[in-house]
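Undergrad: Coordinates only, no sequence provided:
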């Protein structure tokens, strides 16, 4: 019988072949995008995707692969392909950003979730990016409004803790446009400065939010004392300075890497698939190709007349505009009115959308478009043959 | 430039190669299981998994593949590999079931989510299965207790609507053992008997739960009248009988296939990743290999003394037994006591677990083991280099 090392060697070879095929498939998906750009056909073709899943389930069955497994794997592959095509088409219709101006503002020092999301947005060549860590959301807006940074990255919603109202409120006053959305997976890890054992940890440093989100894990280690810090980065810095086998920080694996910390454990959060949604803002709005699924975000305040919100929502529905989010915020000093934040799955330049906006303008007190940007939600199709 | 059809042909070829590699990798994972069975090493090796993810991220980066994409894909592949190995090892230590006795009882007619979960559990050769659809959970228990069916499949928890208390209550009185758990993805679809358009649908038939879970979708089509049925199968049957372009049922794609219905739309549920957890019960308990992650489920009732639950939980913690679920149920006719359902991530035959059970017996009023079975939760590892 082969040794475990020999078997693992075979697995590594298969995995490398898989990676090569994934890369090849991604390259071909650019050809699809070029083709669709010529024929002006939309990127997503759910009928083709469904057919593909059904076909692959059929081919995979005699190989012993379950339809459920095939479906889950290929939903990821299709999502990657769709996002790759979107990026390509968006690059074609928007002027290229000079490399020298790849600058971004975000909340917190390097290693904060906002800074990691900013790096994800601008891609991997971090050496080319000017990164400006800010001490408040307000400062992030100012850095971009003044032209000091090209982009600002703002968290707007966490799956566990909900909307970040401060950012919503600041969006009311800014002249900036939303040019992109992105979601960033949040994985709380236990990070230490030196090699140690979980049973030797006596004190844990962390921002209150990650500590709360990891309560189940921490309850299992009740001997550990918790110390709250202003940010996850501050917690990591503190642990780095202490250089003790008895102190740990709660933070992201990537943040830990930046501070040279060791990952003792991961997956600390009670909810396993935690993630945060971010907006990217800039001075100039972005063009979204009609081939690419778009989102438009706007704020509106309705009149005091009862039913005025319903009337506004009916206008959207009558134009077949699909609302994906509705969030209300009180207006300071005006307890009788509310400001509504609305996301719709529509391109701002779409005729129906323009008609809806015009009707809204006459029906409500105030409307302001915050931006139109490519949608990151790739809603998966399912194949009827999946188990 | 290649035509879209030509490009798609190349994609299909790559996808078939991917399937072949997935199947090859799964076959090799059986070799890993054999090897581990010999050396008595546990199936999961999170250190090796983390190293693999880090290695693959590094190999994939120059190919233009993001670490995030690689991590998500390989978490699925690793999960599949772990479950395949678990199945193989479990087959080695448990006597083979004679094919003739592959019989299963579940709630509802063919096409119910319980019947689909039963088919998933027993594998794909449905022709060999005796399937007994029951009209109540009580009947499911009786079919297995009497020996008429080898297995009973019982839903115990839905991600959206919570625990199914009736099943919990019946578990108190049965002599059956839990021998497996499984999760089944719930995807509510709009099903019609004839080709039609969503705008032509006037009435929708469905069980109240799927209708409630699809409220966001249905609000967008306020002209559709809702008619509640006893089960999703009853709704599908009704629509089949009507054979009208104006009537639709809410049900699963697989159920629709059984009734020969057409899938007009899928993904109707408000919450996209809805799934239901099931227990499989049988007259004989199952053996779980120490190499395989196991779960044990028991019920206990504590004394009226304050702090008696805490004391019980401390006993588990002192033996390093990780509790994965705790659910309390009132005891009929006894308002001062509660019955607790506890899942722990431990093998019942494990020494520490035996010691904990013995201590519990002297500390609490009543304890009953419901079963020990392989855990279906494959908690993914993450690699520190993932973006």
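TA: Structure received. In this text, all values refer to a predicted model and were calculated from it rather than measured experimentally.
Undergrad: Around chain B, pick out the residues from the stretch 151-300 of chain A.
TA: A:185, A:187, A:220, A:253, A:254, A:256, A:257, A:263, A:266, A:267, A:272 (CB under 8 Å from any CB of the partner chain). Using the backbone N, CA and C atoms, a C-beta is placed for each residue, glycine as well.
Undergrad: closest to chain B among those residues?
TA: For these, the residue nearest chain B by CB to the nearest CB is residue A:253; the value is 4.0 Å.
Undergrad: pLDDT score assigned to the residue in the stretch 51-200 of chain A that chain B sits nearest to?
TA: Relative to chain B, the nearest point of the stretch 51-200 of chain A is residue A:63 (3.8 Å; CB to the nearest CB). Looking at residue A:63, its pLDDT reads 92.
Undergrad: swap in residue A:382?
TA: 65.
Undergrad: Show the contacting residues for residue A:279.
TA: Counting by CB atoms under 8 Å, 6 or more residues apart in numbering or on different chains, residue A:279 makes contact with A:153, A:154, A:156, A:167, A:178, A:180, A:181, A:297, A:371.
Undergrad: Would you confirm that it belongs to a helix?
TA: No: per DSSP: H, G, I helix; E, B strand; the rest coil, residue A:279 lies outside any helix segment and is strand.
Undergrad: Bridged to it, which residues?
TA: residue A:154, residue A:181 (DSSP bridges).
Undergrad: From residue B:276, how far off is it?
TA: Residue A:279 is 35 Å from residue B:276, where distance means CB to CB, to the nearest Å.
Undergrad: Same question for residue A:139.
TA: Using CB to CB, one gets 47 Å for the distance from residue A:139 to residue B:276.
Undergrad: Neighbour count: these two, which is higher?
TA: When residue A:139 and residue B:276 are compared for neighbours, residue B:276 comes out ahead with 21 against 16, by other CB atoms under 10 Å in any protein chain shown.
Undergrad: Would you check that that one makes contact with residue B:184?
TA: Yes: if you go by CB atoms under 8 Å, residue B:276 and residue B:184 touch, sitting 5.4 Å apart.
Undergrad: what do the two both touch?
TA: Common contacts of residue B:276 and residue B:184, defined by CB under 8 Å, 6+ apart, comprise B:113, B:117.
Undergrad: returning to that earlier point: please name the residues that touch the residue of the stretch 51-200 of chain A closest to chain B.
TA: B:19, B:20, B:22, B:23.
Undergrad: With adjacent residues omitted, what lies nearest to the first one?
TA: Using CB to CB, 6 or more residues apart in numbering or on different chains and skipping the chain neighbours, the partner closest in space to residue B:19 is residue A:60 (4.9 Å).
Undergrad: One more: the third one?
TA: Computed as CB to CB, 6+ apart, the closest residue to residue B:22 that is not its neighbour in sequence is residue A:65, at 5.8 Å.
Undergrad: May I ask you to confirm that the one you found belongs to a helix?
TA: No: looking at residue A:65 with three-state DSSP, it is coil, so not inside a helix.
Undergrad: just the contacts of residue A:63 now: which is nearest chain A?
TA: Using CB to the nearest CB, residue B:23 comes nearest to chain A of these, at 3.8 Å.
Undergrad: Now find how far off-centre the host helix or strand of that closest one is within its chain.
TA: Using DSSP states H and E, residue B:23 sits within helix B:4-39. Taking CA atoms, centre = their mean, to the nearest Å, one finds the center of helix B:4-39 at 24 Å from the center of the full chain.
Undergrad: Help me confirm that residue A:311 comes into contact with residue A:365.
TA: No: between residue A:311 and residue A:365 no contact is recorded; they are 12.0 Å apart, counting by CB under 8 Å.
Undergrad: Are the helix or strand where residue A:312 lies and chain B in contact anywhere?
TA: Under the criterion of DSSP H and E, residue A:312 resides in helix A:308-318. Yes: contact of helix A:308-318 with chain B (CB under 8 Å from any CB) involves residue A:317.
Undergrad: Can you give the distance from that helix to the centre of its chain?
TA: 29 Å.
Undergrad: The next helix or strand after it versus helix A:308-318: what angle between them?
TA: Later in the chain than helix A:308-318, the nearest helix or strand by DSSP H and E is strand A:323-331. Orientation check (axes from the mean of the first three to the mean of the last three CA atoms, to 10 degrees): strand A:323-331 against helix A:308-318 gives 160 degrees.
Undergrad: So which other helices or strands are in contact with strand A:323-331?
TA: Counting contacts by 3 or more CB pairs under 8 Å, 6 or more residues apart in numbering or on different chains; DSSP states H and E, strand A:323-331 packs against helix A:165-173, helix A:308-318, strand A:334-344.
Undergrad: switch to 6 Å and redo it
TA: On a contact count with 3 or more CB pairs under 6 Å, 6 or more residues apart in numbering or on different chains; DSSP states H and E, strand A:323-331 meets strand A:334-344.
Undergrad: quick check: mean pLDDT across the strand it packs on?
TA: Across strand A:334-344, pLDDT averages out at 78.
Undergrad: What are the contacting residues of the helix or strand following it?
TA: Moving toward the C-terminus from strand A:334-344, the next helix or strand (DSSP H and E) is helix A:351-363. For helix A:351-363, the surrounding residues in contact (CB atoms under 6 Å, 6 or more residues apart in numbering or on different chains) are A:311, A:312, A:315, A:316, A:319, A:321, A:346, A:367.
Undergrad: Can you report how many residues neighbour the residue nearest to residue B:19?
TA: That count, for residue A:60 with other CB under 10 Å as the rule, works out to 24.
Undergrad: Helix or strand: which one has it?
TA: helix A:46-60.
Undergrad: so what secondary structure elements neighbour that helix?
TA: Using 3+ CB pairs under 6 Å, 6+ apart: helix A:46-60 touches helix A:67-93, helix B:4-39.
Undergrad: Buried deepest among those, which one?
TA: Greatest average neighbour count among the helices and strands packed on helix A:46-60 goes to helix A:67-93 (a mean of 20), per mean count of other CB atoms under 10 Å in any protein chain shown.
Undergrad: between that one and helix A:46-60, how big is the angle?
TA: Going by the same axes, to 10 degrees, helix A:67-93 is angled at 140 degrees with respect to helix A:46-60.
Undergrad: Give me the packing partners of helix A:67-93, helices and strands only.
TA: When contacts are defined as 3+ CB pairs under 6 Å, 6+ apart, helix A:67-93 packs onto helix A:4-39, helix A:46-60, helix B:67-93.
Undergrad: Show me what the longest one packs onto, helices and strands only.
TA: Secondary-structure packing of helix A:4-39 (3+ CB pairs under 6 Å, 6+ apart): helix A:67-93, helix B:4-39, helix B:46-60.
Undergrad: Next, the nearest residue to residue A:290 once chain neighbours are set aside: phi, psi?
TA: Distance criterion CB to CB, 6+ apart; nearest residue to residue A:290, sequence neighbours excluded, is residue A:347 at 6.1 Å. Note on residue A:347: backbone dihedrals following degrees, to the nearest 10 are phi -80, psi 130.
Undergrad: Can you check what pLDDT the model gives residue A:347?
TA: So, for residue A:347, pLDDT stands at 95.
Undergrad: Tell me where the model's unsure across chain A.
TA: A:96-101, A:124-127, A:159-163, A:272-273, A:303-307, A:332-337, A:381-387 (pLDDT under 70).
Undergrad: how does chain A divide into domains?
TA: As given by automatic domain parsing, the domain ranges for chain A are A:7-95, A:103-186+A:275-282, A:189-265, A:294-374.
Undergrad: out of these, nearest to residue B:89?
TA: domain A:7-95 (15.4 Å; CB to CB).
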